[in-house]
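[1] Sequence plus predicted model, see below.
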Amino acid sequence: MSRPLFARELFNDLDRFQREMSSLFEFSAGRATARGGYPALNVGLSPEAVEVYAFAPGLDPATVGVDLDRGVLSLSGERVSPLTAKPSEAAAPQADAAAQATASADKTLVHQRERFAGKFRRVVSLPDDIDPEQVSASYKDGVLRVTVKRRPAPQPRRIDIH
Amino acid sequence: MSTTAVHTPAADDAVSASASASAQAARRRDDYAIQPAVDVIEDAQGITLYADLPGVPREQLQLRVDNDRLIIEGDIQLDLPDGLKAGHVEVSRQFYRRAFALGKELDADQIAAELTHGVLRVRIPKAAHAQPRRIEVRLS
């Protein structure tokens, strides 16, 4: 059905290590944002391109900044939490009208607050052979994917001695 | 059934093997699952849960209620070009799983859910008897 996310054989040991760690640090174990912060990043390399996958759920793609400057890719933006948003925003357009009408007047009780909220910025150093003119970005199912093409490797050539 | 290299053998065994082996496979799947971050907010009418499930398309999301437990499961599907090698990896597991106990005052038959940009929003209303009511006082 689907292929492994990234070459698994490279990371099996890491997984085992993480599971051992998880018995020590039960709370943070396995959390999607345990390492690196929001958004979590996977970077893949192929001969043709560098692929950056940012696990950035709940964003308006129009507000995400994707910048490439001297080989450094930076992703920035802000995620608004339903907990900190104004009541009218927290109710969200998808909430049914009746709930929306009463929610703002009601007291709410927060049981769990784990999701990232606020401004974020993450940077990735890219290899030297990227072509800064050929960058594309897409946002699907909460994953921001940035593709940066690489220049073909220069052909070996012989230098004549005069 | 998911096809992650690591847990597929165990999951396949479970189909024909004993119940204990199947439970073992489930536990193993749990061990490898990402526990999604959630916000849970209660108001007078019910509970709203938000879960971060980036990379999970709608058809790979499973939301079910079993024995007063709300179980969220989802498989990550990314478009990976052929020949891609891992450079830097922070998300190495392929699926999410998290379960919540539902209180008796919640009406599990009225759950509504939607998935937008990798965020799952679940609304579970309180049963009618658990909702605050305004009692009208009449003067005689």
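    Perfect, thanks for sending it.
[2] residue boundaries of the helices in chain A?
    With helices called from DSSP state H, chain A shows them at A:12-24, A:87-90, A:97-103.
[3] Which one of the ones you listed has the poorest average confidence?
    By mean pLDDT, the lowest-scoring of the helices of chain A turns out to be helix A:12-24, with a mean of 38.
[4] ok, and residue B:138, which helix or strand is that part of?
    According to DSSP states H and E, residue B:138 maps onto no helix or strand at all.
[5] Let me know how buried it is, in neighbour terms.
    5 (other Cβ atoms under 10 Å in any protein chain shown). C-beta coordinates here come from the backbone N, C-alpha and C atoms, glycine included.
[6] Distance check, it against chain A.
    The gap separating residue B:138 from chain A is 24 Å, by Cβ to the nearest Cβ, to the nearest Å.
[7] what's that residue in contact with, if anything?
    Contacts for residue B:138 (Cβ atoms under 8 Å, 6 or more residues apart in numbering or on different chains) come out as none.
[8] At which residues are the strands of the chain located?
    You didn't pick a chain, so chain A it is. A:40-45, A:49-55, A:65-69, A:72-79, A:109-113, A:118-125, A:130-140, A:143-150 (DSSP state E).
[9] My question was about chain B, not that one.
    Going by DSSP E, chain B shows strands at B:38-43, B:46-52, B:61-66, B:69-75, B:85-89, B:95-101, B:112-116, B:119-125.
[10] Could you dump those strands into a markdown table and include mean pLDDT and distance to residue A:54?
    Shown next, in a markdown table, are these (pLDDT from 0 to 100; distance: least, Cβ to Cβ, whole Å):
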| stretch | mean pLDDT | distance to residue A:54 |
| --- | --- | --- |
| strand B:38-43 | 91 | 20 |
| strand B:46-52 | 94 | 13 |
| strand B:61-66 | 93 | 20 |
| strand B:69-75 | 93 | 18 |
| strand B:85-89 | 90 | 12 |
| strand B:95-101 | 92 | 17 |
| strand B:112-116 | 96 | 17 |
| strand B:119-125 | 95 | 15 |
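[11] Just put the ones you listed in TSV and tack on distance to residue A:118.
    Shown next, in TSV, are the strands of chain B (distance: least, Cβ to Cβ, whole Å):
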stretch	distance to residue A:118
strand B:38-43	13
strand B:46-52	14
strand B:61-66	26
strand B:69-75	24
strand B:85-89	23
strand B:95-101	22
strand B:112-116	20
strand B:119-125	16
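[12] which of the ones you listed is buried the deepest?
    strand B:46-52 (a mean of 24; mean count of other Cβ atoms under 10 Å in any protein chain shown).
[13] Roughly how far does the closest residue to chain A within chain B sit from residue A:54?
    Chain B approaches chain A most closely through residue B:118 (1.7 Å), counting by Cβ to the nearest Cβ. Noted for residue B:118: a distance of 11 Å to residue A:54, by Cβ to Cβ, to the nearest Å.
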